[in-house]
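Asks: The amino acid sequence is not available; the structure is as follows:
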């Protein structure tokens, strides 16, 4: 049994915070761990986590686009859209957690920081300034269209590889939420008069 060096003070618990700590990563991005009993081979989990991270980056971007629109919307429909945008922001935030947790469950690492999202997303970056409502709505619909396409492709690929959990997430969570939100947003782009009804020929008769 080794004896403690007389010059080495005994270790003890201290209330002093140990700040400014740094160390190497315990898992590198783009890898998966091997311990989880998921019945999915490593190549499948690597492919799924890569595709899910792309979906995550785009979902995080759409989430933030909704918050930007919520803050900056203006005009006669301000109140309705202000509330709608914030509701959709909350729903997209839930999707962000769901996608990220699926990546971690597969043994991978989900992206998290804004600069990583900005590098990875395929959604067009909006200007910092305020835009007109039709432009805000169109940007949101373009983002939804991209994510809907991604989720359909992911669902098909996951099904082919036997990853039923990712397939279910892509369809039940991401696809259905984005389809429903697209419908709500697109209805605000129907060119309808606000005060006076358009008289049709049938009504005139």
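Replies: On my side now, so go ahead. Just so it is clear, the model here is predicted, and its values are computed rather than measured.
Asks: Just the element for residue 28, please.
Replies: Secondary structure here is read from DSSP states H and E; on that basis residue 28 sits in neither a helix nor a strand.
Asks: Residue 92 contacts residue 61, doesn't it?
Replies: No. If you go by C-beta atoms under 8 Å, residue 92 and residue 61 don't touch, sitting 9.5 Å apart. Just so you know, the C-beta spots here come from the backbone N, C-alpha and C atoms, and that holds for glycine as well.
Asks: joint contacts of the two?
Replies: Both residue 92 and residue 61 lack any common contacting residue under the criterion C-beta atoms under 8 Å, 6 or more residues apart in numbering.
Asks: quick one: the residue minimising distance to the centre of the chain from residue 177, how far?
Replies: If you average the C-alpha coordinates of the chain and look for the closest C-alpha using C-alpha atoms, centre = their mean, you land on residue 59, 2.6 Å from that point. Residue 59 sits 10 Å away from residue 177, taking C-beta to C-beta, to the nearest Å as the criterion.
Asks: Common neighbours of the two, please.
Replies: Where contact means C-beta under 8 Å, 6+ apart, the residues bridging residue 59 and residue 177 through contact with each are 92, 95.
Asks: which residues touch residue 134?
Replies: Residue 134 makes contact with residue 189 under the criterion C-beta under 8 Å, 6+ apart.
Asks: Give me the pLDDT for it.
Replies: Looking at residue 134, its pLDDT is 97.
Asks: And it, how close does it get to residue 53?
Replies: Here the criterion is C-beta to C-beta. By it, residue 134 lies 32 Å from residue 53.
Asks: OK, contacts around the residue nearest to the centre of the chain?
Replies: Applying C-beta under 8 Å, 6+ apart, we find residue 59 in contact with 92, 95-96, 99, 147, 174.
Asks: redo that, cut-off 10 Å
Replies: Residues near residue 59 by C-beta atoms under 10 Å, 6 or more residues apart in numbering: 52, 92-93, 95-96, 98-100, 117, 121, 123, 143, 147, 150-151, 174, 177-178.
Asks: can you tell me which helix in this protein is longest?
Replies: When secondary structure is assigned using DSSP state H, the longest helix within the chain turns out to be helix 42-72.
Asks: Can you name the next helix or strand after that helix?
Replies: With DSSP H and E, the next secondary element past helix 42-72 is helix 78-105.
Asks: Now do the helix or strand immediately after that next one in the chain: everything it contacts.
Replies: Beyond helix 78-105 on the C-terminal side, the first helix or strand identified by DSSP H and E is helix 114-120. For helix 114-120, the surrounding residues in contact (C-beta under 10 Å, 6+ apart) are 29, 53-54, 56-61, 63-64, 110-111, 113, 123, 125.
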